[in-house]
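1. Predicted structure and sequence below. I'll ask about it afterward.
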Amino acid sequence: MAEKIVLALGGNALQSGKGEATAEAQLEVVHKTCEYIAELNERGYEMAIVHGNGPQVGRILLASETAKDVTPPMPFDVCGAMSQGYIGYHLQQGLKYALNKRNQNFPVVTIATQMIVDEHDPAFHNPTKPIGPFYSKEEAHALEEDKGYVMKEDAGRGYRRVVASPIPKKIVEIEAVKELWPKAIVITCGGGGIPVIEDPTGALHGTAAVIDKDFAAELLAEEVVADILVILTEVEKVAVNYNKPDQKNLDHLSLMEANQYCEEGQFAPGSMLPKVQAAMKFVRSNPSKRAIITSLDNAVEALDGKTGTIFTFN
């Protein structure tokens, strides 16, 4: 049987850090990304794709707030949904083109995906994820007073709105994803999913938060009983003593080794740490499975066991 994989795409798979932040420039990067994904499909893997949305949702929010005197600004959960739609559209377009070049008439579909989070998650009491534009101290204070935003100083560059980053609990559209598998390549849980809270009646309500896409991909991988969770980032392998003279790239990590490095503070919060934690969680959920962290251009070789950092139970 074909192996089932969940791909978590990092920001570099959607946008070049050196290029312009235009839709055209992003689409060009996405087309390159989709060549690698199409090759995985050609090799017979069944897959779903999860992507981030940090820069994109920030720009959507900025555009909405800038135009507030012309049209009412959209709430943050709606901005997240917008980013899911347009990034999904770019991936669908790029991936269908790459598949067609290989004579693979395979459907690609995007699902606008809601993710239930716990309204009592401690993250809501300690918002840390910066979004949107920079403001002066006076402007930030006014936003706190007028809109109830939480504003924090960001690295000496000004003040930004910060939102919570709660742990994902349940994928609302998971049954639709399962139904489509393996009939299509499904793009789902974009940006970590649109964060929603379920009230006692079962109704869902959007909330201002950003869910980590690696944790969302891990939950998806558990739900679809994937064989491999593949987290794609900018580096070929996970490293300890990163960017130091004694940096050591890691080919393999057991749960015990990975946990030890986490406790030592080897992995940066908001960067490599959530990726490692998501990989550990997936392997812990089923000791017969494995997770891989590697770069996009090494994804095929990593699945062949030739590179990347492989996480296993032992």
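-> Everything's here; your move.

2. so where's the stretch 51-200 of the chain shaky on pLDDT?
-> Within the stretch 51-200 of the chain, the stretches with pLDDT under 70 are 132-133, 155.

3. mind listing the strands for it?
-> According to DSSP state E, counting those that start in this stretch, the stretch 51-200 of the chain carries its strands in the segments 108-110, 114-117, 129-135, 151-153, 159-163, 168-171, 185-187, 194-198.

4. any chance of those in CSV, with distance to residue 82 too?
-> Using the backbone N, CA and C atoms, a C-beta is placed for each residue, glycine as well. Output for the strands of the stretch 51-200 of the chain, formatted as CSV (distance: least, C-beta to C-beta, whole Å):
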stretch, distance to residue 82
strand 108-110, 13
strand 114-117, 14
strand 129-135, 14
strand 151-153, 23
strand 159-163, 16
strand 168-171, 19
strand 185-187, 15
strand 194-198, 10
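
5. among these, which is nearest residue 308?
-> Ranking those by proximity to residue 308 (C-beta to C-beta) places strand 185-187 first, at 21.2 Å.

6. on that earlier part again, highest mean neighbour count out of the strands of the stretch 51-200 of the chain?
-> Here the criterion is mean neighbour count by mean count of other C-beta atoms under 10 Å, and of these the winner is strand 185-187, at a mean of 27.

7. Please name every helix or strand in contact with that strand.
-> Secondary-structure packing of strand 185-187 (3 or more C-beta pairs under 8 Å, 6 or more residues apart in numbering; DSSP states H and E): strand 46-51, helix 76-101, strand 108-110.

8. how about TSV for these, with distance to residue 236 added?
-> Below are these laid out as TSV (distance: least, C-beta to C-beta, whole Å):
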stretch	distance to residue 236
strand 46-51	20
helix 76-101	22
strand 108-110	27
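
9. Identify, out of the ones you listed, the most deeply packed stretch.
-> strand 46-51 (a mean of 26).

10. List the contacts of that strand.
-> 2-9, 13-14, 37, 40-41, 87, 91, 177, 181-182, 185-192, 213, 216-217, 220, 224, 226 (C-beta atoms under 8 Å, 6 or more residues apart in numbering).

11. coming back round to it: can you tell which of the strands of the stretch 51-200 of the chain is closest to residue 249?
-> Nearest of the strands of the stretch 51-200 of the chain (C-beta to C-beta): strand 129-135, 28.7 Å.

12. ok, and what's touching that closest one?
-> 54, 57-58, 61-62, 65, 76, 143, 151-152, 154, 157-165, 209-210.

13. again, but for stretch 80-97
-> Against stretch 80-97 from outside (C-beta under 8 Å, 6+ apart): 14, 23, 26-27, 30-31, 33-34, 37-38, 49, 51, 53, 56-57, 60, 74, 108-110, 112-113, 185, 187, 190-191, 194-195, 210.

14. next one: it to chain centre, how far?
-> 14 Å (C-alpha atoms, centre = their mean, to the nearest Å).

15. Done for today, thanks.
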